[in-house]
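>>> Take a look and give me a structure for this.
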Amino acid sequence: MEERCSWCGDDPIYTDYHDHEWGVPEYDARALWEKLILDGFQAGLSWITILKKRDNFRAAFDGFRPEVIARWDEADVTRLLGDPGIIRSRAKIEATIGNARAYLKIAENEGFDQFFWRYMDGKPLQNRFRTLAEVPASTPLSEQISKDLKRQGFRFCGPVITYAFMQAVGMVNDHLVTCPAHDRVARLA
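Model (predicted):
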């Protein structure tokens, strides 16, 4: 019997995210950057908290346009610290501005999408986990990508955050094999 991965529970926002976004290969550079930033904001919190605030984040961070955010200064940090619709962490907000600058360098040098997908030779890894206990929190590859991101100037991108990002953007298919989304996502690869 097929059943959805249990980590998303039964909250409609979470199940919709699981069913339609999580694990679907994403190749758009701006969308990849947004997801990496949101995963950084999630550090220490639950993903459902971020999902419920995602539209607020998009509004507060100007649609996650790194070319705009890279020019922000202390006045923008102060403005965001006063926004109750987002996670008001000075460290995470300042990291996002710095990450926008790092994004622009990577985009200019090789393309932000290419930066990630070259690790996979352009194809998602198809895992075949049967239980959530088998799914790792990080892998040697997420550790390497995390180190490479940090070398480029990124913050809030440790190996666990990086692996969560890899799962979310479909670099790895970690839907359980008992989940109907597993095969659907695998066919997208």
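>>> In this protein, what residue spans correspond to helices?
Applying DSSP state H to the chain gives helices spanning 12-20, 29-42, 47-60, 66-69, 74-81, 90-109, 112-117, 140-151, 159-168, 180-188.
>>> neighbouring contacts of the last one?
Contacts to helix 180-188, defined as CB atoms under 8 Å, 6 or more residues apart in numbering, come from residues 2, 4-5, 18-19, 22-25, 124, 126, 170, 173, 175-176. (Glycine included, C-beta is placed from N, CA and C.)
>>> change it to 10 Å
Counting contacts by CB atoms under 10 Å, 6 or more residues apart in numbering, the residues outside helix 180-188 that touch it are 2-5, 18-20, 22-25, 124, 126-129, 170, 173-177, 179.
>>> If any of these are buried, give me the PyMOL selection for them.
A single PyMOL command selects the buried members of the contacts of helix 180-188 (16 or more other CB atoms under 10 Å):
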select buried, resi 4+5+18+19+22+23+24+25+124+127+129+170+173+174+175+176+179
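>>> So which of the contacts of helix 180-188 are in strands?
126, 173 (DSSP state E).
>>> Okay, the residue lying closest to residue 23 once chain neighbours are set aside and residue 73: tell me how far apart.
For residue 23, ignoring the flanking residues on the chain, the nearest one in space by CB to CB, 6 or more residues apart in numbering is residue 185 at 4.4 Å. Counting by CB to CB, to the nearest Å, the gap from residue 185 to residue 73 is 40 Å.
>>> again with residue 88
The value you get for residue 88 to residue 73, if CB to CB is used, is 17 Å.
>>> Which of these two has more residues huddled nearby?
More crowded of residue 88 and residue 73, by other CB atoms under 10 Å: residue 88, with 12 against 8.
>>> can you pull the pLDDT of the closest residue to the more buried one other than its chain neighbours?
Leaving aside its chain neighbours, residue 88 sits nearest to residue 81 (5.2 Å; criterion: CB to CB, 6+ apart). Model confidence at residue 81, given as pLDDT, is 98.
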